[in-house]
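# show me the folded form of this:
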Amino acid sequence: MRDIVVYTAAFGNIEKIRTPKYPGVYVCYSDNPNIADKPWEVRPAVWLHPDPRRTARWHKTHPHKLLRDFEFSVWHDAEQQIICEPNAIKQYVDKDYIATYKHPQRDCIYQEELACEQLLKDDPGLMRVQIATYAAQGYPQHAGLHETAVVVRRSCDA
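Below you'll find the model as predicted:
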């Protein structure tokens, strides 16, 4: 098994992603083969949806299917850039399987759904059905919220 990979996804109207500052293994899933310069390895989509955001999200949430031969994966949104050596990030999942940042503005999925509606992140009806499902299952308010522009994972069988 290989050690660590940094990956992202860029679909739709994204012109170019940034070149990493440190050596490592970098993978970008994209509909544009010219989206990135070396050391990025640009790969085509494994799953497609008419909405480029959903296509990117699928790739974001499936490293266990896409990058099976790595012990650690570091996702960053395409507009982000890792500014340290990838191996330095592994410490954040020393005893856990996943690490993210605490959301800087909200602490609740119910607040997040309202913000996503205002920002036109997805179909409001779909989001309302999803959030109503969580509420019906007893998911509490103010249970915490993560910001996932960067997600560090240790591989596991999923």
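# hey, let's count contacts and neighbours off CA atoms from now on
Will do.
# in contact with the closest residue to Arg43 other than its chain neighbours, which residues?
Spatially, and ignoring its direct neighbours in sequence, Arg43 is nearest to Tyr29 (4.8 Å; Cα to Cα, 6 or more residues apart in numbering). Neighbouring residues of Tyr29 by Cα atoms under 8 Å, 6 or more residues apart in numbering: 7-11, 42-45, 56, 59.
# need the next SSE after the host helix or strand of Tyr29, C-terminal direction.
Tyr29 is located in strand 26-30, with elements delineated by DSSP states H and E. Downstream of strand 26-30, the next assigned helix or strand under DSSP H and E is strand 40-43.
# what helix or strand is His142 on?
Using DSSP H and E, His142 maps to neither a helix nor a strand.
# quick one, phi psi at Glu71?
With angles defined as degrees, to the nearest 10, Glu71 sits at phi -70, psi -30.
# pLDDT value on it, please?
Note on Glu71: pLDDT of 94.
# now do it against Asp94, distance only.
12 Å (Cα to Cα, to the nearest Å).
# now swap in Phe70 and tell me
For Phe70, the distance to Asp94 - Cα to Cα - is 15 Å.
# return the residues in contact with Glu41.
Counted by Cα under 8 Å, 6+ apart, Glu41 has contacts 26-28.
# grab the longest helix from this structure for me.
For the chain, the longest helix by residue count, based on DSSP state H, is helix 124-136.
# quick one: the strands in the protein?
2-10, 26-30, 40-43, 70-76, 98-102, 146-154 (DSSP state E).
# strand partners (parallel or antiparallel) of the third one?
Its sheet considered, strand 40-43 pairs with strand 26-30 (parallel) by DSSP bridges.
# and the partner strand, what's its mean pLDDT?
On average, strand 26-30 scores 98.
# what stretches of this protein score poorly on pLDDT?
Of all residues in the chain, those with pLDDT under 70 make up the ranges 157-158.
# so which residue is smack in the middle of it?
Compute the mean C-alpha point of the chain, and by Cα atoms, centre = their mean the closest residue is Lys60, 3.9 Å away.
# once you drop chain neighbours, what's closest to Arg153?
Nearest to Arg153 is Ile98, by Cα to Cα, 6+ apart, at 4.4 Å.
# ok, that neighbour to Glu113 distance?
Taking Cα to Cα, one finds Ile98 at 23 Å from Glu113.
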